[in-house]
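Asks: Compute the structure for the input listed below.
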Amino acid sequence: MTNRTARLVYAAALVLGALPLWASRYLPMADLPQHLYLISVLHRLDDPTTLYPQVFAARHALTPYLGYYYLVSALNWLLPLEMANRVFLTAYVVGLPLGLGFLLKSLGRPVWPSLLALPFAYGDSFGWGFVNYCAALPLTLLCGGLFVRALEDVPRRRAWASGLAVCLVGVLLFHVQAFGFLAFGLPWLLVTTAVPEDGAARGLVARLRPRVPALLGVVPGVALFLGWVVLRFGEPPDIQPGAPWKAWGPTFSPQNLAWKSFEQNQAEFFHVLANTFRDGSDRWGMYAVGAVAVAG
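Replies: A predicted model of the protein is given here:
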């Protein structure tokens, strides 16, 4: 297969992968209506023809989720809200294999297995409408690839590190859970990725110097994360059911966390993988993905 043919096949797979988003009138996503309503309020907060200015007020604070809401709100200036959201979801579905492909290529691996990520774009989180979390996943994979290139690509280290800085902030602005994954993933890449200078390096400082651009690329996102989370640890819980922004406790507070036992998680594991449709027909998709994984 020539490179051109491979690209055409890859592009066709991406188009077919995103097609389900445009094949139905309503998307089967549990939380989607409230997301669209929130974006509508945000987009028309100063519109005097609505009750929004009287009922709602903008909260000017750094909060993950802003990325999804503000991007779709911006698209809403050009497209109807529901269509703007489908365009955003299309970028997510297409971006998941593209992000994985970029990471694989950065690691010197074949790119074609990234297409196996397409079915996972329509997973449990998608069915529940966790759009913010889903949208953070392609950026998370992209961060991994940018980090590796900031280590290995000597002539363009600063450019890759700058892209990493922007991308990592983007991950945090979509969902903090994906950002937490990178807290483990990026250090692993740091200790397992060799740089060209390692062969002639003598001492810790000499080995650390070529890795500085990649480490500096992480600083803006980490600083933003610390400003959002760490400074909240000392806040006393202020829980007022029904009050704006106070229905739940602070981040990581006991009021804001619910735990299941290992036994319960183990018993529910396979059910959670495919439980969107009441008749259980979405399990066939899970079986198909499992078969492809086993064959791979």
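Asks: Helices of the protein, start to end?
Replies: In the chain, the helices defined using DSSP state H lie at 3-18, 32-43, 52-55, 66-75, 81-106, 124-128, 131-152, 157-174, 176-192, 204-208, 212-228, 262-273, 283-295.
Asks: For those helices, could you give me a markdown table that also reports mean neighbour count?
Replies: Where C-beta positions appear, they are placed from N, C-alpha and C, glycine not excepted. Below are the helices of the chain laid out as a markdown table (neighbours: other C-beta atoms under 10 Å):
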| stretch | mean neighbour count |
| --- | --- |
| helix 3-18 | 13 |
| helix 32-43 | 16 |
| helix 52-55 | 12 |
| helix 66-75 | 19 |
| helix 81-106 | 20 |
| helix 124-128 | 18 |
| helix 131-152 | 25 |
| helix 157-174 | 21 |
| helix 176-192 | 16 |
| helix 204-208 | 10 |
| helix 212-228 | 17 |
| helix 262-273 | 10 |
| helix 283-295 | 12 |
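Asks: Tell me which of those lies nearest to residue 24.
Replies: helix 81-106 (10.3 Å; C-beta to C-beta).
Asks: Out of the helices of the chain, which gets the lowest mean score?
Replies: Note on the helices of the chain: lowest mean pLDDT is at helix 204-208, with a mean of 79.
Asks: helices and strands around that one, which ones?
Replies: Where contact means 3 or more C-beta pairs under 8 Å, 6 or more residues apart in numbering; DSSP states H and E, helix 204-208 is not packed against any helix or strand.
Asks: Columns distance to residue 24 on top of the helices of the chain, output as JSON lines?
Replies: Formatted as JSON lines, those follow (distance: least, C-beta to C-beta, whole Å):
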{"stretch": "helix 3-18", "distance to residue 24": "13"}
{"stretch": "helix 32-43", "distance to residue 24": "12"}
{"stretch": "helix 52-55", "distance to residue 24": "29"}
{"stretch": "helix 66-75", "distance to residue 24": "19"}
{"stretch": "helix 81-106", "distance to residue 24": "10"}
{"stretch": "helix 124-128", "distance to residue 24": "13"}
{"stretch": "helix 131-152", "distance to residue 24": "17"}
{"stretch": "helix 157-174", "distance to residue 24": "25"}
{"stretch": "helix 176-192", "distance to residue 24": "27"}
{"stretch": "helix 204-208", "distance to residue 24": "53"}
{"stretch": "helix 212-228", "distance to residue 24": "36"}
{"stretch": "helix 262-273", "distance to residue 24": "22"}
{"stretch": "helix 283-295", "distance to residue 24": "15"}
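Asks: Out of these, which is closest to residue 25?
Replies: helix 81-106 (9.6 Å).
Asks: The closest one vs helix 66-75, what angle?
Replies: 130 degrees (axes from the mean of the first three to the mean of the last three C-alpha atoms, to 10 degrees).
Asks: Got the phi and psi for the residue sitting furthest away from the middle of the chain?
Replies: For the chain, the largest distance from the centre (C-alpha atoms, centre = their mean) belongs to residue 202, which lies 38.7 Å off. Backbone geometry at residue 202, expressed as degrees, to the nearest 10, gives phi -130, psi 110.
Asks: List the residues that contact it.
Replies: Neighbour list for residue 202: empty [criterion: C-beta atoms under 8 Å, 6 or more residues apart in numbering].
Asks: pLDDT score for it?
Replies: Residue 202 is given a pLDDT of 75.
Asks: For residue 286, see how far away it is.
Replies: Counting by C-beta to C-beta, to the nearest Å, the gap from residue 202 to residue 286 is 52 Å.
Asks: what does residue 50 give?
Replies: 42 Å.
Asks: Could you find the closest non-adjacent residue to residue 144?
Replies: residue 103 (4.7 Å; C-beta to C-beta, 6 or more residues apart in numbering).
Asks: doesn't residue 141 make contact with that neighbour?
Replies: Yes - with contact defined as C-beta atoms under 8 Å, residue 103 counts as touching residue 141 (4.9 Å).
Asks: My read is that residue 79 contacts residue 87, right?
Replies: Yes - between residue 79 and residue 87 there is a contact at 6.6 Å, judged by C-beta under 8 Å.
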